[in-house]
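K.L.:
Let me see the structure of the following:
(chains A and B)
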There are 2 protein chains.
Amino acid sequence: MPANNKLLKEIRWNEQELVPVIAQDFASGDVLMMAWMNADALGESLRTGEAVYWSRSRQKLWHKGEQSGHTQKIREIRLDCDGDTLLLKIEQVGGIACHTGRASCMFRRYDENTGWQAVDPVIRDPADIYKS
Amino acid sequence: MPANNKLLKEIRWNEQELVPVIAQDFASGDVLMMAWMNADALGESLRTGEAVYWSRSRQKLWHKGEQSGHTQKIREIRLDCDGDTLLLKIEQVGGIACHTGRASCMFRRYDENTGWQAVDPVIRDPADIYKS
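P.N.:
Below you'll find the predicted structure:
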């Protein structure tokens, strides 16, 4: 059986044929982002060794970092007990996962007095990251 | 404005009025599970200080640990850049998040030769956890 088939086996796709994927920094353990994959995206991730998601807004494969250079090198892939969530342990190239220029997309912390607060620093100006 | 409204503000619910929630161990950084919340679940989580999810299979609020005793004490709540994913940093009571008796639900690791392999130990027999 090709590796690809072994990978797809036991995954329970949702009604849109997608599975949620958590990307976690392999070294720090920080949760960086959550995105989605279909079978093609997962196959491409395995083939390239880098995270390839399915962009729901653009309805196409999204090789993370294709514009910014902030690719995610896959170190480990995990599947949960129900088979409906993937966890990627990755090496975040450039140390920036978020399009806002922050290390992680999970940068807003809830404070019961003030609501959601951005508590993590912008490492690099997005205008600089995404300039053509 | 009540705290509850501040919490709900800026969250982008999906077409089922749900948001995916990643539960991460506050101390170890391990990703323990992924589940879903609606506004009621999130309000109850804030009120009780413990994770309350929306069970999609049972279509009701699910106070995590209500049967097993393995509740999740919330230490921090994060929201991502797009406002459509929550991250709970929690203290996992009993050290077991998974119904299989493991610390984390993400216990299957992909191996290109052998496929998905359960690599984390069962800490406590589920028959013992869920006995009446």
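K.L.:
When you work out contacts or count neighbours from here on, use the C-alpha atoms and nothing else.
P.N.:
Will do.
K.L.:
For chain B, see how far away the nearest residue to A:Glu91 once chain neighbours are set aside is.
P.N.:
Of all residues not flanking A:Glu91 in the chain, A:Lys73 sits nearest, at 5.0 Å (Cα to Cα, 6 or more residues apart in numbering or on different chains). From A:Lys73 across to chain B, the span is 15 Å (Cα to the nearest Cα, to the nearest Å).
K.L.:
Count the residues that sit near A:Lys73.
P.N.:
20 (other Cα atoms under 10 Å in any protein chain shown).
K.L.:
and if you look at A:Trp36?
P.N.:
Look at A:Trp36: counted by other Cα under 10 Å, it has 20 neighbours.
K.L.:
most centrally placed residue in chain A?
P.N.:
For chain A, the residue nearest the mean C-alpha position is A:Ala23 (4.4 Å; Cα atoms, centre = their mean).
K.L.:
can you tell me which residues contact that one?
P.N.:
A:Ala23 makes contact with A:Val31, A:Leu32, A:Met33, A:Met34, A:Ala35, A:Leu87, A:Leu88, A:Lys89, A:Ile90, according to Cα atoms under 8 Å, 6 or more residues apart in numbering or on different chains.
K.L.:
by contact count, what packs against the lowest-mean-pLDDT helix or strand in chain A?
P.N.:
Between all helices and strands in chain A, the lowest mean by mean pLDDT, DSSP states H and E belongs to helix A:3-8, at a mean of 76. Using 3 or more Cα pairs under 8 Å, 6 or more residues apart in numbering or on different chains; DSSP states H and E as the contact test, the elements touching helix A:3-8 are helix A:39-48, strand B:115-118.
K.L.:
Select, out of those, the one closest to B:Lys64.
P.N.:
The minimum distance between B:Lys64 and these falls on strand B:115-118, with 23.0 Å, by Cα to Cα.
K.L.:
Report the strands that pair with the closest one, each with its relative direction.
P.N.:
Strands adjacent to strand B:115-118 in the sheet, as given by DSSP bridges, are strand B:108-111 (antiparallel).
K.L.:
A:Ala118: which of the helices and strands packed on helix A:3-8 is closest?
P.N.:
Closest to A:Ala118 of these, according to Cα to Cα: helix A:39-48, at 30.7 Å.
K.L.:
Tabulate the helices and strands packed on helix A:3-8 in CSV, adding columns for mean pLDDT, distance to B:Gly101 and mean neighbour count.
P.N.:
Shown next, in CSV, are the helices and strands packed on helix A:3-8 (pLDDT from 0 to 100; distance: least, Cα to Cα, whole Å; neighbours: other Cα atoms under 10 Å in any protein chain shown):
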stretch, mean pLDDT, distance to B:Gly101, mean neighbour count
helix A:39-48, 96, 28, 18
strand B:115-118, 95, 12, 17
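K.L.:
I'd like these laid out as CSV, including distance to B:Leu46.
P.N.:
CSV is the format used below for the helices and strands packed on helix A:3-8 (distance: least, Cα to Cα, whole Å):
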stretch, distance to B:Leu46
helix A:39-48, 35
strand B:115-118, 34
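K.L.:
how about those, which one is nearest A:Trp116?
P.N.:
Smallest distance to A:Trp116 across the helices and strands packed on helix A:3-8 (Cα to Cα): 32.2 Å, for helix A:39-48.
K.L.:
With just CA atoms, put the closest one into PDB.
P.N.:
The C-alpha trace of helix A:39-48 is given here as PDB (Å, rounded to 0.1, in the frame of the first residue of the first chain):
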ATOM      1  CA  ALA A  39      -7.100  14.600   1.000                       C
ATOM      2  CA  ASP A  40      -5.200  16.400  -1.800                       C
ATOM      3  CA  ALA A  41      -3.700  18.800   0.700                       C
ATOM      4  CA  LEU A  42      -2.700  16.100   3.100                       C
ATOM      5  CA  GLY A  43      -1.100  14.100   0.200                       C
ATOM      6  CA  GLU A  44       0.800  17.200  -0.900                       C
ATOM      7  CA  SER A  45       1.900  17.800   2.700                       C
ATOM      8  CA  LEU A  46       3.300  14.300   2.800                       C
ATOM      9  CA  ARG A  47       5.000  14.600  -0.600                       C
ATOM     10  CA  THR A  48       6.700  18.000   0.000                       C
END
